[in-house]
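> Quick one: sequence plus predicted model below, questions after.
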Amino acid sequence: MISLRRPLLALLALVAAPVLLAQTLPTLTQPFTARSLLLTEGSVSIDLRAHFGLPTVTGQVVQIETVAGSFNIELFDDTPLTKANFLAYVNSGRYTNTIVHRSVPGPLPTDPKFVIQTGGYFSRLPFEHIPTFAAVNNEFRRSNLRGTLAMAKLGNDPNSATSEWFVNLGDNSANLDNQNGGFTVFGRVLGSGMLIADAIAAFPRFNIAGSLSDLPLRDVAASQANVETRNLITVSNVLAIPIYPPATRSVLTFLAQSSDPTVVGVAVSGSTLTLTPLTNGTSVLLIRARDTNNNFADASLVVTVSSGFSIVTPPQSQHVQPAAPALLSVTAAGTGVTTYQWNKNGVPIVGATGAAYLVVSASAADMGFYSATVTRNGTSVTSTPAIVTVNLPGTSRLVNVSTRGQASADEPLTPGFVMRGTGTKRLVIRAIGPTLGVFGVNDAMTDPKMAVIPLSQTNVVLANDDWQSQPAAAVSTLIATSGSVGAFALPPLGSKDAAAVASLPVSGVGGYTVGITPSGSSGPGVALAEIYDADAADSAVRMINVSTLGTVTADGLTPGFVIGGSAPKQLLIRAVGPTLASAFGVTGTVPDPQLTIFDQKSSVAIASNNDWAEGGQGAALQAAFDAAGAFALPTGSKDAAILVRLPPGAYTVVASGVNGGTGRALVEVYDLDP
């Protein structure tokens with residue numbers, strides 16, 4: 001460890017103005033045209049490099065990985081000696097596990113940024129300079145503007161640059177272009193990488209007696225007397241990378257999602273998108289190019305699938321008594337040699353290769369989702385799944401509900417729940433924002449807050465901003481209870497997520513809403529609302545209705561729920577958009593919502609609906625609305641609804657807009673069991 005002290009303000013002869021360098025972001029360079037696929041042609045591949053790119057980036061890209069985050073730089077070809085010198089250090093690994101050893105502010109309050117400097121010292125104590133190659137001749141050609149990289153060198157020696165380099169945080173051209181032969185600018189920061197550079201510059205600086213000056217350090221307590229390795233701003237790796245995958249690291253990565261995965265399957269491998277036609281229909285694909293700092297460009301592709309034959313009668317869902325048989329069958333139109341393969345939960349059943357499949361004596365293990373893959377003349381079509389449930393003794397209940405969606409101050413994410421019984425219900429309620437980044441979620445809200453309000457009231461009965469701001473006893477209870485209900489852990493220090501344990505009475509209230517909005521300076525973003533039942537399975541109070549008012553984006557609005565217990569459960573699930581506008585005056589609603597329910601374990605799409613009254617289910621659904629106490633939907637409305645019986649397990653409801661439509665929607669899940 002090395003003793004440290006606060007630095008004195010040095011008067012630097014600099015002139016710096018915060019002029020931003022134009023940044024490079026993922027760009028859609030060539031829109032997609034609609035595709036028509038035949039089931040007989042099999043999978044089709046698309047090279048995504050022809051559609052996305054960084055149009056102004058032509059030089060070698062290098063990724064800088066630091067404890068504060070990663071950013072990419074482009075090396076300029078018009079400084080060939082400096083470029084070769086820099087890449088020699090990169091390729092030899094000499095920049096691995098080094099530090100940002102200098103962070104210098106500007107001289108004026110109106111100009112707080114100058115440079116951060118690295119490439120000199122190992123990330124260990126005592127400080128030791130990395131081995132250097134021979135000095136490189138000066139190649140000053142470009143101005144030292146914000147976002148550019150330049151070589152450091154000795155005073156009064158233009159040709160003394162070796163390993164050390166710096167990032168210009170401001171417009172330093174008036175100073176650095178006019179001294180010591182001009183400082184060689186050899187690259188620029190790409191995308192929004194300057195956010196990382198600025199974050200490093202925001203760390204406090206220290207002077208180390210007899211060693212380094214203006215050394216940035218992190219996690220240094222006011223009472224701390226010594227520098228430790230953990231305090232250093234470590235540069236863990238510096239690597240030359242390509243713009244496109246499939247390299248281990250690349251500037252861009254690609255994602256793709258199908259609005260109807262039963263019609264066309266999508267898979268991304270490196271820079272190749274593979275489309276697999278599955279059944280007749282049309283699906284809208286969302287294709288995203290994302291860079292290192294989570295900037296992205298989106299595009300849509302409409303894919304229509306048709307075939308020479310089709311399944312006329314898919315297998316039908318069945319709810320049978322224990323030990324009773326369940327017979328599933330499928331029929332397909334057309335002629336030719338036909339083969340069959342039955343699947344359970346997406347996995348082929350060994351030996352099940354006939355037009356019918358018999359469950360001889362149904363038990364709990366037989367509950368699941370059964371589909372048939374029919375193949376004729378080399379073309380395969382998979383049926384919609386049939387749900388097989390068994391009328392087992394015992395109970396089941398909704399034990400966990402969650403919703404991921406966009407939230408803002410004007411349009412909060414608003415889950416709600418209704419309870420039945422007597423007494424109180426003990427719940428863990430959470431509003432997750434920044435921790436979603438751990439799971440690769442883009443645009444996560446940086447600081448969510450939540451407020452729990454009884455239905456038809458305005459008084460807040462429970463509120464939380466940062467979950468660790470509660471008294472120590474409440475934090476301990478929250479950690480223990482969250483673990484007992486299976487919730488993923490939140491970061492132990494500095495988390496801006498919101499969470500609390502609540503005991504909410506049923507009498508006189510029955511239901512509650514949870515309003516999730518940004519806190520403080522946080523802007524809008526994606527948040528995850530979670531409600532966990534923390535009571536025992538035999539609790540006298542259970543949740544009978546859960547709902548979410550949120551925004552359907554291009555990624556959809558995605559509530560999830562878990563059925564606990566041993567018996568299957570009858571549910572009514574709805575996605576309401578147009579009726580929110582016509583009956584309740586909600587503005588900005590999604591014009592035509594559709595629903596798809598997925599089994600989380602197998603990712604199988606088990607049920608879907610577009611317009612609720614079509615397809616012969618209108619009367620049964622209307623009766624379910626009445627039984628659940630749900631408000632009526634007009635016949636012919638574009639709202640969606642599904643009546644379904646599901647075995648215990650975890651499920652996701654994806655509410656999306658037909659043809660990519662977006663807007664506010666209400667997603668509801670009603671427990672119809674007594």
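Ah, there it is.

> What residues are bridge-paired with A326?
Partner residues in beta bridges with A326: V359, with DSSP bridges as the criterion.

> show me what contacts it?
318, 320, 358-359, 362, 366, 388 (CB atoms under 8 Å, 6 or more residues apart in numbering). Yep, even glycine has a C-beta here, placed from its N, CA and C like the rest.

> The same query, at a cut-off of 7 Å, please.
A326 sits next to 318, 320, 359, 362, 388 when contact means CB atoms under 7 Å, 6 or more residues apart in numbering.

> Which residue, other than its chain neighbours, is closest to the first one?
Just to be clear, that refers to Q318. The shortest distance from Q318 to any residue that is not its chain neighbour, by CB to CB, 6 or more residues apart in numbering, is 4.9 Å, and that residue is A326.

> ok, how many other residues are close to A527?
Counted with other CB atoms under 10 Å, the neighbours of A527 add up to 31.

> can you list the domain ranges for this protein.
Structural domains assigned to the chain are 55-241, 244-303, 311-390, 394-545, 553-674, following automatic domain parsing.

> one step back: I'd like the contacts of A326 written out as a markdown table, with secondary structure, pLDDT and neighbour count added.
Below are the contacts of A326 laid out as a markdown table (DSSP: H, G, I helix; E, B strand; the rest coil; pLDDT from 0 to 100; neighbours: other CB atoms under 10 Å):
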| residue | secondary structure | pLDDT | neighbour count |
| --- | --- | --- | --- |
| Q318 | strand | 92 | 19 |
| V320 | strand | 95 | 18 |
| V359 | strand | 96 | 21 |
| A362 | coil | 95 | 22 |
| V388 | strand | 96 | 24 |
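
> remind me which residues of the stretch 51-200 of the chain are low pLDDT?
107-112 (pLDDT under 70).

> repeat that for 90
Under the criterion pLDDT under 90, the flagged ranges of the stretch 51-200 of the chain are 51, 55-56, 58, 105-113.

> residue ranges of the strands in it, please?
52-53, 61-66, 69-75, 98-104, 115-122, 148-151, 165-168, 185-189 (DSSP state E, counting those that start in this stretch).

> coming back round to it: ok, the residue nearest to Q318 to G346 distance?
For A326, the distance to G346 under the criterion CB to CB, to the nearest Å works out to 18 Å.

> before we move on, the earlier item: in JSON lines: the contacts of A326, plus distance to N295.
Formatted as JSON lines, the entries for those read as follows, by distance: CB to CB, whole Å:
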{"residue": "Q318", "distance to N295": "49"}
{"residue": "V320", "distance to N295": "52"}
{"residue": "V359", "distance to N295": "51"}
{"residue": "A362", "distance to N295": "52"}
{"residue": "V388", "distance to N295": "46"}
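
> Could you check the pLDDT of the residue nearest to Q318?
What the model reports for A326 is a pLDDT of 95.

> hang on, the earlier thing: can you check which of the domains of the chain gets nearest to R35?
Shortest distance between R35 and these, using CB to CB, is found for domain 244-303: 5.0 Å.

> what is the mean pLDDT for that closest one?
Confidence over domain 244-303, taken as the mean pLDDT, stands at 92.

> now do the same end-to-end measure for it.
25 Å (CA to CA, to the nearest Å).

> ok now that domain, how far from the chain's centre?
In terms of CA atoms, centre = their mean, to the nearest Å, the centre of domain 244-303 is found 15 Å from the chain centre.

> coming back round to it: and the residue nearest to Q318, how far from N343?
Applying CB to CB to A326 and N343 gives a distance of 15 Å.
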